[in-house]
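> build me a model from this:
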Amino acid sequence: GIHPDVGRIDRWLDQIGASKRPVFEIPEAELDELRLNGERRSGSVLHDLNLFFRIELVLPDSSASVCDSLNAYDIVEIAYPLGEVGDPALATVLVVDTPNFESMQGYRRMAPIGVDADYGNTFSAGNGVGELIADVETGWTDDHEDIRHKAENNFVGLVGAPYPWDHGTAVMGELVGENQGKGVKGMVYDADVRLSSHLGSSANIGTAIMHAINAVQPGDFVVLEVQCFGGAPDPYPCEFVDSIFALVQAATANGIHVVAAGGNGN
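Numbering: from 1, shown residues only. Just a heads-up that it's a prediction; the model follows:
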């Protein structure tokens, strides 16, 4: 049965004009399926992803006192103020006739400069053919000449994702920049991609990641190009937050490779 404190908390939230919404705005059955499949596959017990909620307040300045009140209940594991999300910005360079930039892609070279994508591309399927990568962030110019063959209109999840900016476009270039003798050459240029945006809101991070997970299959990749703010020290990996960690754990238990960017925001 439902614990009586659940009703008490809901009534109190109504009294202060607050509303309770799930962190992952995905049908409950889909979240249950991800958890159960992951448990069967990994043999590990995973968190119930339907038990993470966010509270929307009329007065944002009251978040600390509301968290204190919620944390007084034994059935609340932890309540904390929601921070912000961001992607690092890049300098924009206008180029009319696109030269070949591959010589500038140090990350394609062998260690310690890069990840040796040049060598990796010599192997069968080393160019990413047959793989699918879902990128979670913002800022894709999906019809950019170097990535449109893979990225154009390949948005998943939350609507309103496409808008011209730079970080998502740069990441797509590093991954799947077309092997065409101009611009950059992606490290896995034959892979396919999907784009899942959080629309610039920290409240949408979990939902955006879940949409990315739904877009891929076991053996494919989800890339987290997001960083969170609002705690000490700033910025911090968004998977430091319990709900995001639990979702990443469920994804990996289902055989999905989750890659989180390191070093964003210095």
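> tell me which residues of the helix or strand of the chain with the lowest mean pLDDT are tucked away?
The weakest-scoring helix or strand in the chain, judged by mean pLDDT, DSSP states H and E, is strand 84-86 (a mean of 81). When burial is assessed from 16 or more other Cβ atoms under 10 Å, strand 84-86 yields the following buried residues: V85, G86. Using the backbone N, CA and C atoms, a C-beta is placed for each residue, glycine as well.
> average pLDDT for the helix or strand just after that strand?
On the C-terminal side of strand 84-86, the nearest following helix or strand under DSSP states H and E is helix 117-120. Per-residue pLDDT values over helix 117-120 give a mean of 96.
> over to stretch 216-223?
Taken as a whole, stretch 216-223 carries a mean pLDDT of 97.
> mind starting the numbering at 107 from now?
Noted, 107 is the first residue going forward, which turns the last one into stretch 322-329.
> ok, the least confident helix or strand of the chain: who's next to it in the sheet?
strand 333-335 (antiparallel) (DSSP bridges).
> report the buried residues of the partner strand.
Using 16+ other Cβ under 10 Å as the burial criterion, the residues of strand 333-335 that qualify are Q333, C334.
> from the chain's centre, how far out does that strand sit?
Taking Cα atoms, centre = their mean, to the nearest Å, one finds the center of strand 333-335 at 12 Å from the center of the full chain.
> which other residues reach the least confident helix or strand of the chain?
When contacts are defined by Cβ atoms under 8 Å, 6 or more residues apart in numbering, strand 190-192 is touched by residues 304, 306-308, 311, 332-336, 341, 344, 371.
> need these in JSON lines (columns: pLDDT).
Rendered in JSON lines, the data for the contacts of strand 190-192 read as follows (pLDDT from 0 to 100):
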{"residue": "H304", "pLDDT": "92"}
{"residue": "G306", "pLDDT": "87"}
{"residue": "S307", "pLDDT": "88"}
{"residue": "S308", "pLDDT": "89"}
{"residue": "I311", "pLDDT": "94"}
{"residue": "V332", "pLDDT": "88"}
{"residue": "Q333", "pLDDT": "86"}
{"residue": "C334", "pLDDT": "88"}
{"residue": "F335", "pLDDT": "86"}
{"residue": "G336", "pLDDT": "83"}
{"residue": "P341", "pLDDT": "83"}
{"residue": "C344", "pLDDT": "90"}
{"residue": "G371", "pLDDT": "62"}
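> the residues you listed in helices, which ones?
Within the contacts of strand 190-192, membership in helices is found for I311, as judged by DSSP state H.
> which of the contacts of strand 190-192 lies closest to T228?
Relative to T228, the closest of the contacts of strand 190-192 is V332; by Cβ to Cβ it sits at 32.5 Å.
> which residues touch that closest one?
V191, G192, D193, V242, E243, H304, I311, C344, A367.
> same thing but 6 Å
Residues near V332 by Cβ atoms under 6 Å, 6 or more residues apart in numbering: V191, E243, C344.
> ranges for the helices of this protein?
Going by DSSP H, the chain shows helices at 110-121, 134-148, 169-177, 223-226, 254-257, 273-282, 311-321, 348-359.
> which one of those helices lies closest to T247?
Across these, closest to T247 is helix 273-282 (Cβ to Cβ), at 4.7 Å.
> give me the distance from that closest one to the chain's centre.
15 Å.
> next: stretch 256-267.
Chain-centre distance of stretch 256-267: 14 Å, with Cα atoms, centre = their mean.
> number of nearby residues for the closest residue to F207 other than its chain neighbours?
The spatially closest residue to F207, leaving aside those adjacent along the chain, is V290, at 5.0 Å (Cβ to Cβ, 6 or more residues apart in numbering). Using other Cβ atoms under 10 Å, V290 is surrounded by 24 other residues.
> ok, V290 - contacts?
With Cβ under 6 Å, 6+ apart as the criterion, the residues that contact V290 are F207, Q211, G279, G283.
> of the residues you listed, just say which sits nearest to R127.
G279 (35.5 Å).
> could you measure the closest one against R146, distance?
38 Å (Cβ to Cβ, to the nearest Å).
> for W246, same thing?
Taking Cβ to Cβ as the criterion, W246 is separated from R146 by 35 Å.
> fine by me, we can end here.
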